[in-house]
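**Student:** Coordinates for the following, if possible.
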Amino acid sequence: MKNSFGNALTVTLFGESHGEAIGAVIDGLSPGIGICEDYINKMMDMRRPCGDISTPRKESDRVEIVSGIFNGYTTGTPVCILIKNENKKSSDYGESLDMPRPSHADYTARCKYHGYEDHRGGGHFSGRITAALVAAGAVVRYALENKGILIGTHISRLGGISDSSFSDYEEDIRHINSVLFPTLSEAAGEKMREKILEARESADSVGGILETAVVGMPAGVGEPWFDTVEGVLAHILYSVPAVKGVEFGLGFGFADRMGSEANDPFRMEGDRVVTSTNNNGGVNGGITNGMPLIFRCAIKPTPSIFREQDTVSLSGGCNATLKISGRHDPAIIHRARAVIDAVTAIALGDILTERFGTDYLGEGK
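**Tutor:** Okay, here's the model as predicted:
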C-alpha cells in the first residue's frame with residue numbers, strides 16, 4: 001500500500017478509522033516555517049461535524065506534533081503529526097466484513113488485501129484519515145499564506161442549488177475561510193442546508209460541486225508534460241474520498257465554445273502581464289500564468305445511507321440485502337472543503353519547493 005504523495009515535499013498518511021490514532025509525516029519542509037496552533041485548530045474546525053447536517057461522531061481532533069518542531073519553527077527534519085481516535089464504535093461495522101457496503105471500499109479492499117485489512121469504519125480507507133491531511137495541509141498552507149498565496153473553496157452547487165461565483169477573489173476567499181458552511185451567498189447556503197436536512201429525513205444523502213480559487217501563485221511554476229500543475233493537483237485531489245470529477249477553468253465548458261470565445265487575451269496591468277478572462281484557470285501549457293488558479297471537484301453523495309440496499313454475502317456466495325447502522329453524514333461536502341484546501345496546499349507546496357528550492361517556504365533569518 002502506497003501512502004505517500006509528493007516529490008520535493010512529501011506527505012505520508014498512517015492509521016485507521018477505529019485504530020488508536022491517525023497521523024501524517026511531512027518530509028522536505030523548509031526549516032524556519034512558523035507553526036501556529038491556533039491556525040491549525042481553525043483548519044480542523046472547518047472539517048469537524050456541523051450539527052444536524054453532519055455525523056453524530058464527535059472527535060476532539062487534538063493535533064499533536066511529535067517531531068520536527070523546535071521553538072515554534074520547523075527544523076527541516078520530518079514533522080510527525082498524531083491525532084488520537086477517541087470516539088470509536090466498532091460494533092456498527094460487523095456486517096461489512098462479509099457484506100460489503102455499496103460504493104464503499106469494503107469489497108475492493110478485500111480483493112487487494114485478502115481479508116487482512118482493518119474493516120472497522122472503513123479502516124485506512126475511511127474519510128476519518130482526512131483529519132490528518134487537514135492538519136498536514138494546515139502547516140503548509142500557513143507557510144503559503146506568509147508568501148501571499150491564499151486558498152479558498154466554496155460549495156458551488158449542491159442538490160441542484162447553485163451558489164454565487166467568485167468575483168473579487170481575495171475578498172471572497174477571506175469570506176469563505178471565515179465561515180463553517182462555505183458559500184458566497186447566504187441565501188444559497190440556507191437552501192443547501194435545508195436540502196441536506198431533507199436528505200437526512202429521507203434516510204438518504206446528497207452530493208455537489210466544490211469550487212476552489214488560489215491567488216498569489218507566481219507565473220512559471222509547473223512542468224509541460226507529466227508534472228503539469230493540473231496533473232499534480234488532480235493526482236492529490238482524486239486521492240480524497242468522494243471526489244469523482246475534477247475540471248480546471250472552464251473545464252468541460254470548452255466543448256461548447258469556439259476558440260475566439262475560449263482564449264484568454266493577454267494585456268498589461270501596470271508592469272504585470274494578465275489575461276482579460278480566465279477560462280484556462282490560471283494555467284497554460286501545464287504552467288501557472290499568474291492568474292488565479294480555478295478548479296472544481298465533484299463530490300459524490302455519502303454512500304452510507306440508512307436504506308436497505310442490495311449487496312452480496314462473500315461467505316455464502318449469494319445475493320443479500322444490507323441496512324447499515326452507525327453514525328454517518330447526510331452530506332460531506334461542507335466538511336470536504338477543508339480537505340480540498342489542505343491537499344491543494346500540499347500539492348502547491350511541493351511544486352513550489354521543486355521550482356524555487358527547499359528553503360522557499362521558510363521565513364529565513
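**Student:** in the stretch 51-200 of the chain, which spans are strands?
**Tutor:** For the stretch 51-200 of the chain, the strands defined by DSSP state E, counting those that start in this stretch cover 63-67, 69-70, 73-74, 79-84, 150-158, 161-162.
**Student:** Which among those is found nearest to Asn319?
**Tutor:** Evaluated with Cβ to Cβ, the strands of the stretch 51-200 of the chain place strand 150-158 nearest to Asn319, the distance being 33.4 Å. Where C-beta positions appear, they are placed from N, C-alpha and C, glycine not excepted.
**Student:** CSV for the strands of the stretch 51-200 of the chain, including distance to Asp350 and mean pLDDT?
**Tutor:** As requested, those are exported to CSV (distance: least, Cβ to Cβ, whole Å; pLDDT from 0 to 100):
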stretch, distance to Asp350, mean pLDDT
strand 63-67, 20, 96
strand 69-70, 20, 96
strand 73-74, 15, 96
strand 79-84, 14, 96
strand 150-158, 14, 98
strand 161-162, 32, 98
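**Student:** Quick one: closest of those to Gly362.
**Tutor:** Short answer: strand 73-74, nearest of those by Cβ to Cβ, at 7.4 Å.
**Student:** which SS state does Asp310 fall under?
**Tutor:** strand (DSSP: H, G, I helix; E, B strand; the rest coil).
**Student:** Could you pull up phi and psi at the closest residue to it other than its chain neighbours?
**Tutor:** Using Cβ to Cβ, 6 or more residues apart in numbering and skipping the chain neighbours, the partner closest in space to Asp310 is Thr321 (6.1 Å). When read as degrees, to the nearest 10, the backbone of Thr321 gives phi -120, psi 150.
**Student:** Roughly how far does Thr321 sit from Ile294?
**Tutor:** Distance from Thr321 to Ile294, counting by Cβ to Cβ, to the nearest Å: 43 Å.
**Student:** Which residue of those two possesses the greater neighbour count?
**Tutor:** Ile294 (23 against 11; other Cβ atoms under 10 Å).
**Student:** mind listing what's buried in the worst-scoring helix or strand of the chain on mean pLDDT?
**Tutor:** In the chain, the helix or strand scored least confidently by mean pLDDT, DSSP states H and E is helix 106-113, which has a mean of 89. If you call a residue buried by 16 or more other Cβ atoms under 10 Å, then helix 106-113 has these buried ones: Asp106, Tyr107, Ala109, Arg110.
**Student:** mind checking the end-to-end distance for stretch 5-12?
**Tutor:** End-to-end distance for stretch 5-12: 7 Å, by Cα to Cα, to the nearest Å.
**Student:** ok, now stretch 212-227?
**Tutor:** 20 Å.
**Student:** Which positions in it come out as buried?
**Tutor:** Thr212, Ala213, Val214, Val215, Gly216, Met217, Val221, Gly222, Glu223.
**Student:** Just these: which are in strands?
**Tutor:** Thr212, Ala213, Val214, Val215 (DSSP state E).
**Student:** would you list these in JSON lines and tack on pLDDT and distance to Thr183?
**Tutor:** Shown next, in JSON lines, are these (pLDDT from 0 to 100; distance: Cβ to Cβ, whole Å):
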{"residue": "Thr212", "pLDDT": "98", "distance to Thr183": "14"}
{"residue": "Ala213", "pLDDT": "98", "distance to Thr183": "14"}
{"residue": "Val214", "pLDDT": "98", "distance to Thr183": "19"}
{"residue": "Val215", "pLDDT": "98", "distance to Thr183": "19"}
